[in-house]
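# give me a model of this one.
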Amino acid sequence: MSKFALTIALAAAALVSGAAAVHAQTKPANPAFVEERGLKRPALLFREQWKSPTGKEVELTAPNSMVNPDLELHVLGPPGTILKGSGHDGDPNDPPHVFSGECKGPCGFTLRSKKSAADLSGLALIRVETKTSGFHHVYPVVKLASGEWYIGDKPQGGSLRAYITTEFDLYDITWTTLDPANLLTKGNPVGKIDLSKVEEVGFADLMPSSGHGPGGWFDVANFEVFGKPVAR
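Residues are numbered from 1 along each chain as shown. Alright, predicted model coming up:
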């Protein structure tokens, strides 16, 4: 082999070796998620469809406003925050739902299973029906078993005219620390968080509402969480 050919061969071998080293050092951000690719989504963990208040708005409380007896409701927001329950059973244009029109500041809610915590890692997802007015959206909120609260960057909002069903992966969300008492974000986004043990999950709107009629508010109707139960 000529000296020139030998030099080319050695250079090629070095490139291959370097590429292999880089590949060996490169790891996926979430190996557990990669391992779950190709598998089925987790089953439905819980659903809340809300009770119809017979066409009247009533303060959202548990169990009076809830269909699922295995869930606890927590209203989020400054002192005095009130969410309402409204809607009619069997009416696709006005199903039973949570209404935020009377919130004087940011507000929201979470649901907590009485039976278990939730593993919302991997292919877990949320499906929700929403209708919104103005610039309002609801953002996903989680409380971890560690007691930390986070709000995600995936706003959900339907049109003013009709409820829209959306579903989204929690893995794709960038999270920011949340002060649940005042619904204020704190610090910079933290990116991915450990969702293997979640105590509460729900939604929050970070703007005050404008009352009834077009202006600014959210409606959240059917709310489903797909994940795995984990012992507390």
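# centroid-nearest residue for the protein?
With distances taken as CA atoms, centre = their mean, the chain has residue 140 as the residue nearest its mean C-alpha position (3.3 Å).
# what about that residue, distance to residue 104?
Counting by CB to CB, to the nearest Å, the gap from residue 140 to residue 104 is 23 Å. In short, each C-beta sits where N, CA and C put it, glycine included.
# ok, residue 120 next?
To residue 104, residue 120 is 31 Å away according to CB to CB.
# any weak-confidence spans in this structure?
By pLDDT under 70, the weakly predicted segments of the chain are 1-38, 54-55.
# where do the domain boundaries of it fall?
As given by automatic domain parsing, the domain ranges for the chain are 1-30, 40-230.
# neighbour-wise, which of residue 120 and residue 104 wins?
Comparing residue 120 with residue 104 by other CB atoms under 10 Å, the one with more neighbours is residue 120, at 28 against 12.
# wait, that one touches residue 193, no?
No - here residue 120 does not reach residue 193: they are 10.1 Å apart, not a contact under CB atoms under 8 Å.
# quick one: common contacting residues for those two?
Residues touching both residue 120 and residue 193 (CB atoms under 8 Å, 6 or more residues apart in numbering): residue 142.
# who's in contact with residue 202?
Residue 202 sits next to 74, 76, 108, 109, 110, 111, 140, 141, 223 when contact means CB under 8 Å, 6+ apart.
# could you point out which element follows the host helix or strand of the fourth one?
Residue 109 belongs to strand 107-113 when elements are defined using DSSP states H and E. In the C-terminal direction, the helix or strand that comes right after strand 107-113 (DSSP H and E) is strand 117-119.
# other SSEs contacting that next one?
Under the contact criterion of 3 or more CB pairs under 8 Å, 6 or more residues apart in numbering; DSSP states H and E, strand 117-119 touches strand 198-205, strand 228-230.
# can we see that at 6 Å?
strand 228-230 (3 or more CB pairs under 6 Å, 6 or more residues apart in numbering; DSSP states H and E).
# list the contacts of the strand it packs on.
For strand 228-230, the external contacting residues (CB atoms under 6 Å, 6 or more residues apart in numbering) are 42, 116, 117, 119, 197.
# mind listing what it pairs with, with the direction of each?
For strand 228-230, sheet partners with direction are given as strand 117-119 (antiparallel), following DSSP bridges.
# quick one, what contacts residue 69?
Contacts for residue 69 were tallied using CB under 6 Å, 6+ apart; there are none.
# excluding chain neighbours, what is closest to residue 186?
Leaving aside its sequence neighbours, residue 186 sits nearest to residue 177 (CB to CB, 6 or more residues apart in numbering; 4.5 Å).
# that neighbour: which element?
Secondary structure from DSSP H and E places residue 177 in strand 175-179.
# partner strands of that strand, parallel or antiparallel?
Applying DSSP bridges, one finds strand 175-179 paired with strand 149-152 (antiparallel), strand 184-191 (antiparallel).
# how far away from the center of its chain is it?
For strand 175-179, the gap between its own C-alpha mean and the chain's C-alpha mean amounts to 12 Å (CA atoms, centre = their mean, to the nearest Å).
# kindly export that strand (C-alpha atoms) in PDB.
Once side chains and other backbone atoms are set aside, the C-alpha atoms of strand 175-179 remain, and they are given as PDB (Å, rounded to 0.1, in the frame of the first residue of the first chain):
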ATOM      1  CA  TRP A 175     -43.000  23.100  32.500                       C
ATOM      2  CA  THR A 176     -42.700  26.100  34.800                       C
ATOM      3  CA  THR A 177     -42.900  26.200  38.600                       C
ATOM      4  CA  LEU A 178     -46.300  27.400  39.800                       C
ATOM      5  CA  ASP A 179     -47.500  29.100  42.900                       C
END
